[in-house]
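> quick one, fold the following:
(2 chains)
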Amino acid sequence: MLAVNDLGVSYGGAVRALRGVSVAVDGGEVVAVLGSNGAGKSTLLRALSGTLRMHKGTVDSGGITFDGHSLLGRDPAAIVAAGLVQVPEGRRIFGRLTVEENLRAGGMGSRDKGAKAKARERVYEMFPLLAERRAGRAVLLSGGEQQMLAIGRALMAAPKLLLLDEPSLGLAPRVVTQIGEVIAEINRQGTAVLLVEQNAAMALAVATRAIVLEVGRVSLSGEAQELASTDEVRHLYLGTGAGEEDRVQDMAQSGVAAKHLTRWAG
Amino acid sequence: MTLFLQLLFSGLSLGFIYALIALGFVIIFKATEVVNFAHGAFLLAGAFVTAKLHDRLGFLPALLIGIAAAALVGLLVERLIIRRLRGAPVISLAIVTIGVNIVIITELTRRIGTNVYSLGDPWRDQTVKIGAVRIAESRVAAVVVALVLIAAFFAAFKYSNWGVAMRATAEDEEAASLMGIRLGRVTAVSWVVAGALAAVAGLFLTAFPSPGLDASAAPIALRAFPAAILGGLDSTGGALVGGLVIGVAESLVSGYENQLLFLGRGFGAVVPYVVMIIVLLVRPSGLFGTKELTRV
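As a prediction, this is how the structure comes out:
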């Protein structure tokens, strides 16, 4: 369905944000993209949604195809119409608009009124709380509710592939679990998902496959469960594996801390 | 008392005309963050086309073509200039519109020369008497038309797809484009609507009791800027209130000029700016301008 091949992106002609990144998403799949800050996760999504230009970024190499058509150079509205819809990082709901108007804005890409009414019903069914608050301003929702609204808003465009940029950002653990369930439910209803996350535990629990980005390159990729059991991912993203104390001990034994001190002293 | 009522009504009707201009000003700012100093040019272009055509076509067709012409000028400015400068600093965009304004106004005043055109409106210099107050028919028409247009505008802004898209875009351009909203279309419509509203305002600004369309019509449009700014540059409701405040203040000060001689003659023309400065001293973002409210 989605195929990203050897994608290279730079900002302002100078900063190389992605180098040779390849990732594929098939219909019905949830693929997770893990990585720390600055690894290039958001850049990847910008390239997919066609908003790189707003950040003075350009695709230098490689290609993106969706259902066999290239997405390069197409404007964001055309990409949404093709069925690729993004839930941006930090939710970015329209705070001054009501909940209902936010959903309306989400369905703006299509003219099919029947489909939009159906999509709205589905969103309200999935998030009954939004239906309750439909006339209230979106800014007054809690963080978790706003994330639900952002997801609901994207669903209004009836996407074939939903892109989620750090949906768990800044949310309480209980709410993160809920978001995970919502993503699984959306996937069950037939929408493929590309999930960008720092919260690897949640992402790997929902995803079928995953890749790990490090400074603009794919450093690991594979089945989600396999990845979850590799030492690297457990250490860096899951905070389990060797255990916190062991790691500190490891560091002490290898002399990292000591070296550090001498370097600064000198 | 009669004088006061007379001035009050004339001020309110003038205020509604200003509100039409200020509304256009505000939606352009909301859609593109451009402070559009070329607004007077739109107004003049619409009035000029109407003035030139009404003899041959009759008033209403000429007016409609004038409105369309002003809307077209707005669209062209957006398409040919503003769109190409997307991402440029807000201040450069504002200065570009000053340049556009100079070019259009210079050409139109050259064409107008020393003539004073009538726009061929059906109200001429007729007046109606309500109680003890005598009012120009054109001003009654101005109030009615402005009320209808403003109501239609607010309804569209609140309920239509364009309105929702417009408000979403004003709040977060990138998020709006991620939702499949076509930014180009939203901004184009904003400029067209603003141009059309300016043309309607141009009709009433040049109708009786004004002498007609002459070279001085464009600067009059400038008095609607204080209206938009004191209402809050990004508030449509503020544009309406600001227009009314400015209109009434100007009318009262001009009317009581003899009692206010210590301010000097012609102070009425200055009053809009004085009112604006006073309001901004107290409320820097205007009466209804946005002060972000967020839940943290």
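> C-alpha from now on. contacts and neighbour counts both.
Noted.
> residue A:65 looks like it's in a strand, true?
Yes. According to DSSP: H, G, I helix; E, B strand; the rest coil, residue A:65 belongs to a strand.
> burial of the residue of the stretch 1-150 of chain B found nearest chain A, as a residue count?
Using C-alpha to the nearest C-alpha, residue B:87 is the residue of the stretch 1-150 of chain B that sits closest to chain A, at 8.3 Å. By other C-alpha atoms under 10 Å in any protein chain shown, 13 other residues sit near residue B:87.
> where do the helices sit along chain B?
In chain B, the helices defined using DSSP state H lie at B:2-32, B:39-57, B:59-76, B:90-112, B:137-159, B:161-171, B:173-178, B:183-206, B:217-222, B:224-231, B:236-255, B:271-282.
> ranking those helices by mean pLDDT, which is last?
Ranked by mean pLDDT, these end with helix B:217-222 at the bottom, a mean of 77.
> any residues touching that one, and which ones?
B:18, B:21, B:39, B:40, B:41, B:43, B:44, B:105, B:205, B:206 (C-alpha atoms under 8 Å, 6 or more residues apart in numbering or on different chains).
> list the buried residues in stretch A:69-76.
Buried residues in stretch A:69-76, counted by 16 or more other C-alpha atoms under 10 Å in any protein chain shown: A:71, A:72, A:75, A:76.
> among those, which are within reach of chain B?
Within the set of the buried residues of stretch A:69-76, contact with chain B (C-alpha under 8 Å from any C-alpha of the partner chain) is found for residue A:76.
> how about the buried residues of stretch A:69-76 in JSON lines, adding pLDDT and distance to residue B:96?
Shown next, in JSON lines, are the buried residues of stretch A:69-76 (pLDDT from 0 to 100; distance: C-alpha to C-alpha, whole Å):
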{"residue": "A:71", "pLDDT": "93", "distance to residue B:96": "34"}
{"residue": "A:72", "pLDDT": "92", "distance to residue B:96": "32"}
{"residue": "A:75", "pLDDT": "91", "distance to residue B:96": "27"}
{"residue": "A:76", "pLDDT": "93", "distance to residue B:96": "28"}
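> can you count the residues close to the residue of the stretch 1-150 of chain A found nearest chain B?
Per C-alpha to the nearest C-alpha, residue A:77 is where the stretch 1-150 of chain A lies closest to chain B, at 3.9 Å. By other C-alpha under 10 Å, the residues close to residue A:77 number 23.
> now it: phi and psi?
phi -60, psi -40 (degrees, to the nearest 10).
> for it, which non-adjacent residue is closest in space?
residue B:180 (3.9 Å; C-alpha to C-alpha, 6 or more residues apart in numbering or on different chains).
> the closest residue to residue B:273 other than its chain neighbours: what's it in contact with?
Distances taken as C-alpha to C-alpha, 6+ apart place residue B:226 nearest to residue B:273, at 6.0 Å, with adjacent residues excluded. Shown in contact with residue B:226 (C-alpha under 8 Å, 6+ apart): B:242, B:246, B:272, B:273, B:276.
> out of those residues, which two sit at the greatest distance?
The largest distance within those, taken as C-alpha to C-alpha, falls between B:242 and B:273 and amounts to 11.6 Å.
> more neighbours: the two, which one.
More neighbours surround residue B:242 than the other of residue B:242 and residue B:273, with 32 against 20 (other C-alpha under 10 Å).
> so how far is residue B:233 from the nearest residue to the more buried one once chain neighbours are set aside?
Counting by C-alpha to C-alpha, 6+ apart, residue B:227 is the residue found nearest to residue B:242 once chain neighbours are left out, at 4.3 Å. Residue B:227 sits 9 Å away from residue B:233, going by C-alpha to C-alpha, to the nearest Å.
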